[in-house]
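> predicted model and sequence below, questions to follow.
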Amino acid sequence: MTYIAKPKLHHPDLPVNALGLTRRDYEGTISTLCAGCGHDSISAAIIQACWELAIQPHRVAKLSGIGCSSKTPTYFLDKSHGFNSVHGRMPSVLTGANLANRDLLYLGVSGDGDSASIGLGQFAHSMRRGVNMTYIVENNGVYGLTKGQFSATADRGSKSKRGAVNTDEGIDLACLAMQLGATYVARSFSGDKAQLVPLIKGAIRHGGAAFIDVISPCVAFNNHEGSTRSYDYVRHHNEAVNALDVITVHKEITTQYAPGSVQEVRQHDGSVLRLRKIADDYDSSSRISAMSYVASHYARGEIVTGLLYLEPDAVDLHEHLGTTAKPLNELGDAELCPGSAALAQFNEAQR
Amino acid sequence: MKRLEAVNDFVIKFANVNGSGSASANTLFAKSIARMGVPVSPRNIFPSNIQGLPTWYEVRVCEAGWNARRGGADLMVAMNPQTWEKDVAEVEPGGYLFYDSTRPMPAGKFRDDILVIGMPLTEICNATYTDPRQRQLFKNIIYVGALAALVGVELGEVEKLIGEQYKGKEKLLDSNVKALRMGHEYAVKNLPCPLGLQVRRADKVGDRIFLEGNNAAALGAVFGGATVCAWYPITPSSSMAEAFAKHCRKYRIDKATGKNNFAIVQAEDELASIGMVIGAAWNGARSFTCTSGPGISLMSEFIGLAYFAEIPATIVNVQRAGPSTGMPTRTQQSDVLLCAYASHGDTKHPLLFPQDAKEGFEFTADALDLADRLQTPVFVLTDLDIGMNERLCEPLAWDDSRRFDRGKVLTNEQLEAGARFGRYLDVDDDGITYRTYPGTHPSRGSFFTRGTSRDRYARYTEEGTAYVDNMERLVRKFETAKHYMPKPEARPSAKPTRYGAIYYGSTAPAMEEALALLEADGIHLDGLRVRAFPFQDSVIDFVNQHDCVFVVEQNRDGQLRTLLVNEGALDPTRLASVLHYDGTPITARFIKGDIAKRLTALQVTPLRRTAAGGAGGE
């Protein structure tokens, strides 16, 4: 990992968003990942999503753990504060950061080793607590930085580059997130930007724990025959259940859709998620049936992608805790310190 | 038999079964004595268990005001048949044994050098109450009444305390007072009142308050402005987080909205709790966690991150006996080295050593300032003895002109005005650099926080010179820390001496008493109570000014001594360890005995004996 700043010159006709910013204003330094790495496509999708939503870059805090995926926050949003924490522990750091200032957007970026192996506990508990965040796992089923060991999301029976067969059951983080109470759960593929960008946008505008499992092939260690995370394998087994449009300023549906094939859901912040059904029998409003659908298709070797589950009226950790609307990090002496008179009363009660 | 006679200077020990409701009755008894103006220091000695195992409550009555554990028992209130033999054996010769005589005990179960006082407590309760729980709970109050009569505790003071405790719950109040009086009347009529041990009204308590260390530290966190608390339950620290929640409900609810000006998360483990603390502090909120030794072990990786990435964190470690699970409900000062050097690589951390609840309050508030000022994890090292016992201490004080020291943080205005910002750029030459909170400015002040090596502008680098530059600055920062840490407290001896004693934390009360006892025997030592690490120069000078310095602490390996030798480059032969680490609080008797013995050995030249002389008896 080295630090290579990107030149800031850009074409004068680059489109600008509502803030007058171009996509380039959402970039970071030049990626040092392998050429063709799925993670770079995810970084590009994050940039695109933030630009389209006209998010102020400095109002985002981007946090990660350790691993290839966790390096990526350097490659986008360089006006945001970033935090590359310790292996598997990004969720707790993000939770603390979120408690300190509920007004920022929290973007957690992690990998399958970081979230499903060493960090499974913290992953699980951040979902349970309903931390208001967008949690993206760049899932390649393999440890890249340490050169090709299986991670905990590798499918049983899949082959490593060296030919070893994985005998351990793979963990499906999306299913786990649904079970643990995440209120926005999606799966996508780094090679499908059209699907991924709206899913990230929807997650950012979601008011609770949003989780996206993004299958992101590792070109160096997990893109071979026998792998279930290779570009070829994922393309052939990708079963999208729906397509999402995120509408921040609501417009009437003008396109003609077959009856029952489009569903609109309004999230807590007013954004509207327009879901176009691809699989007729898929219901993203029911956690139980979503889990059952995903699991039964997984048994057939299919990777279900799309917005898997949505609870639009999510309640987040701050609501659970009843914290004040003002960010805790803005409270001063007057609000926080009870002072000597209160202390004198306290003393009196201890005699 | 010569029975013990003492006024305002004795130890009563209650032997109970845990879960029987004895703790509140025993506390009531102890507080009543304090209300009579007589200093008292109670200690809970309890198992890692909820119900059914032995527990003790020691009450030292001491007009001279010594707060340390004395050791031994002059009056044993033996309410637990399981520990009968041990409890009876512990009574000082000429002392007293109070027991429930409902079931007759064989004569062999007693000692003939103590006075035995039997009271048929169970019989009285069974005759008065029908509900089994009531029988149990009121039995405790009844013996408090009886003891009040035996040792001269004024019933009025006990009743006043019951009145305060059950204010607004008249039914409970009346029934407790009734039970208390029943015990008292029985004792006056049937027991040998008064005993040789008597409490006599005095004016030695003054305006001191009766306070538990964890409660005080929690209040310190409130006054110090902590808004985020993340914790994982572990004895003996859990009651601090619970007290923080209680104090927040009282002091931190926004009046207009009813919303909380605080956030408390019970995390899934200590790794997550310190992670949350670090995340919150990184984002500009004051945050803390409270834990004990095993928690620090788990937090160590994160502590290294906070050290290296320079993120504030306040960690209160209520120490218990280790290693491993050790003795979770017994006290020790055995995490000094662990905390001083926690985490891999070259790390060191500021430590604070409060001696009692009052300093627990002050140092926790200070730690929040220090963590922000120094941008590093700061430890408050208390222990079970301080944390989980109510003790008399000076009333807490707060200067209303004091403001939170948020340290070096650049604001939006400063960035807008063009302030030069390098996250790890030492512009003031004190090793402390400026930071920014996330979200401060649209185009200036953002940086990437990481546990990997970086240059002065927070850019990743594996350049050796940049790495060393940064590590050297961290040493400079640690040097700067000395100016902000509480200074040691000297307790000079009455006469010039070549000997000194260094002590810290919960050892202080026993040490001060021991120094007075030694002085009475003509042995003079200068005392120095160390209150923080890194050590100020005055600590190192103190050692160099004496031929021999005893370092008195409650662990096996002399951890503070090691730290002194290591950090002060001191000659180890000048530092002698006095160590007590069986899990019970150290006593003045122990310290005095150990130091007197060693000084005698140092000063007395052994007699030469010829082989023919043999080893004659005395």
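Cool, the structure landed.
> how near is A:Phe68 to A:Val142?
You called it Phe, but residue A:68 is Cys. Going from A:Cys68 to A:Val142 by CB to CB, to the nearest Å gives 9 Å. For the C-beta atoms, the positions are set from N, CA and C on the backbone; glycine is no exception.
> list residues touching both of those two?
By CB atoms under 8 Å, 6 or more residues apart in numbering or on different chains, A:Cys68 and A:Val142 have these common neighbours: A:Cys218.
> now name the helix or strand holding B:Met276.
Assigned by DSSP states H and E, B:Met276 falls within helix B:270-282.
> any idea which helix or strand comes after that helix?
Criterion used, DSSP H and E; the element after helix B:270-282 is strand B:287-291.
> circling back to that earlier point, so for the helix holding B:Met276, what gets flagged as buried?
For helix B:270-282, burial by neighbour count (16 or more other CB atoms under 10 Å in any protein chain shown) applies to B:270-282.
> again, but for stretch A:11-21
For stretch A:11-21, a neighbour-count test (16+ other CB under 10 Å) marks A:Asn17, A:Leu21 as buried.
> how about residues contacting stretch B:409-416?
B:Gly284, B:Ala419, B:Phe421, B:Tyr434, B:Arg435, B:Thr436, B:Tyr437, B:Thr440, B:His441, B:Arg444, B:Gly445.
> and the residues you listed, which are buried?
For those, a burial check counting by 16+ other CB under 10 Å picks out B:Gly284, B:Phe421, B:Tyr434, B:Arg435, B:Thr436, B:Tyr437, B:Thr440, B:His441, B:Arg444, B:Gly445.
> follow-up on the earlier one: what packs against the helix holding B:Met276?
helix A:90-100, helix A:120-129, strand B:228-231, strand B:287-291, helix B:293-309, strand B:313-319 (3 or more CB pairs under 8 Å, 6 or more residues apart in numbering or on different chains; DSSP states H and E).
> tell me the strands beside the fourth one, with direction?
Strand pairing for strand B:287-291, determined by DSSP bridges: strand B:228-231 (parallel), strand B:313-319 (parallel).
> and the next element down the chain from the shortest one?
Translated: strand B:228-231. Counting by DSSP H and E, the next helix or strand C-terminal to strand B:228-231 is helix B:238-251.
> repeat that for the last one.
Reading on from strand B:313-319 to the C-terminus, the next helix or strand found by DSSP H and E is helix B:336-340.
> and the contacts of that following helix?
B:293, B:296-297, B:315, B:317, B:348-349, B:351, B:379, B:381, B:533, B:553, B:555, B:557, B:559-560, B:562-563.
> go with 7 Å
B:293, B:296, B:317, B:348-349, B:351, B:379, B:381, B:533, B:559-560, B:562-563 (CB atoms under 7 Å, 6 or more residues apart in numbering or on different chains).
> and those residues, which are buried?
B:293, B:296, B:317, B:348-349, B:351, B:379, B:381, B:533, B:559-560, B:562-563.
> between these, which sits nearest chain A?
Chain A lies nearest to B:Ile296 out of those, by CB to the nearest CB, at 15.8 Å.
> OK, contacts around the closest one?
B:Ile296 touches B:Asn317, B:Asp335, B:Leu338, B:Cys339, B:Ala342, counting by CB under 7 Å, 6+ apart.
> contacting residues for whichever residue of the stretch 101-250 of chain A sits closest to chain B?
Of all residues in the stretch 101-250 of chain A, the one sitting closest to chain B is A:His125 (4.4 Å; CB to the nearest CB). Listed by CB under 7 Å, 6+ apart, the contact set of A:His125 reads B:Glu268, B:Ala272.
> ok, now how distant is it from A:Pro91?
Plainly put, A:His125 is 7 Å away from A:Pro91 if you go by CB to CB.
> B:Ala466 too?
When B:Ala466 is compared with A:Pro91 (using CB to CB), they lie 31 Å apart.
> who's more crowded, these two?
Neighbour count, other CB atoms under 10 Å in any protein chain shown: between B:Ala466 and A:Pro91, A:Pro91 has more, with 33 against 17.
> list the contacts for that one?
So A:Pro91 contacts A:Gly108, A:Gly119, A:Gln122, A:Phe123, A:Ser126 (CB under 7 Å, 6+ apart).
> could you do A:Ile55 as well?
By CB under 7 Å, 6+ apart, the residues touching A:Ile55 are A:Leu105.
> for the chain, give me the ranges with low pLDDT.
Using chain A here. A:1-3, A:250-255 (pLDDT under 70).
> oops, wrong one, chain B.
Ranges of chain B meeting pLDDT under 70: B:604-618.
> so where does the residue positioned nearest the centre of it fall, helix or strand?
What sits nearest the mean C-alpha location of chain B, by CA atoms, centre = their mean, is B:Ile386, with 2.0 Å. Assessed by DSSP H and E, B:Ile386 sits inside helix B:384-387.
> identify the residues contacting that helix?
B:213-214, B:236-237, B:240, B:318-320, B:329-331, B:354, B:356-357, B:360, B:506, B:585.
> can you give the distance of it from its chain's centre?
3 Å (CA atoms, centre = their mean, to the nearest Å).
> next: stretch B:189-208.
With CA atoms, centre = their mean as the basis, stretch B:189-208 stands 28 Å off its chain's centre.
> ok, that stretch near chain A or not?
No - Stretch B:189-208 stays clear of chain A (CB under 7 Å from any CB of the partner chain), getting no nearer than 7.8 Å.
> so what's residue 261 closest to, chain neighbours aside?
Unless you meant another one, I'm taking chain A. A:Lys277 (4.8 Å; CB to CB, 6 or more residues apart in numbering or on different chains).
> ah, I was thinking of chain B
B:Arg252 (4.5 Å).
> how close does that neighbour sit to B:Phe138?
Separation of B:Arg252 from B:Phe138 (CB to CB) stands at 38 Å.
> sorry, back to before: distance check, the residue of the stretch 101-250 of chain A closest to chain B against B:Arg103.
52 Å.
> thinking again about what came up before, in JSON lines: the buried residues of helix B:270-282, plus distance to B:Val144.
Converted to JSON lines, these look like this (distance: CB to CB, whole Å):
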{"residue": "B:Glu270", "distance to B:Val144": "39"}
{"residue": "B:Leu271", "distance to B:Val144": "45"}
{"residue": "B:Ala272", "distance to B:Val144": "43"}
{"residue": "B:Ser273", "distance to B:Val144": "39"}
{"residue": "B:Ile274", "distance to B:Val144": "43"}
{"residue": "B:Gly275", "distance to B:Val144": "46"}
{"residue": "B:Met276", "distance to B:Val144": "43"}
{"residue": "B:Val277", "distance to B:Val144": "42"}
{"residue": "B:Ile278", "distance to B:Val144": "47"}
{"residue": "B:Gly279", "distance to B:Val144": "48"}
{"residue": "B:Ala280", "distance to B:Val144": "45"}
{"residue": "B:Ala281", "distance to B:Val144": "46"}
{"residue": "B:Trp282", "distance to B:Val144": "51"}
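> between the residues you listed, which is closest to B:Gln375?
Using CB to CB, B:Ala281 comes nearest to B:Gln375 of the buried residues of helix B:270-282, at 8.9 Å.
> the closest one reaches B:Thr289, doesn't it?
No - taking CB atoms under 7 Å as the definition, B:Ala281 is not a contact partner of B:Thr289, at 10.7 Å.
> all the helices of chain A, residue numbers only.
With DSSP state H, the ranges of helices along chain A come out as A:38-52, A:68-71, A:90-100, A:112, A:120-129, A:173-179, A:193-204, A:231-237, A:287-299, A:317-321, A:333-336, A:339-349.
> how about the ones you listed in a markdown table, adding distance to B:Tyr457?
Formatted as a markdown table, those follow (distance: least, CB to CB, whole Å):
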| stretch | distance to B:Tyr457 |
| --- | --- |
| helix A:38-52 | 22 |
| helix A:68-71 | 18 |
| helix A:90-100 | 22 |
| helix A:112 | 32 |
| helix A:120-129 | 30 |
| helix A:173-179 | 35 |
| helix A:193-204 | 29 |
| helix A:231-237 | 37 |
| helix A:287-299 | 45 |
| helix A:317-321 | 34 |
| helix A:333-336 | 32 |
| helix A:339-349 | 41 |
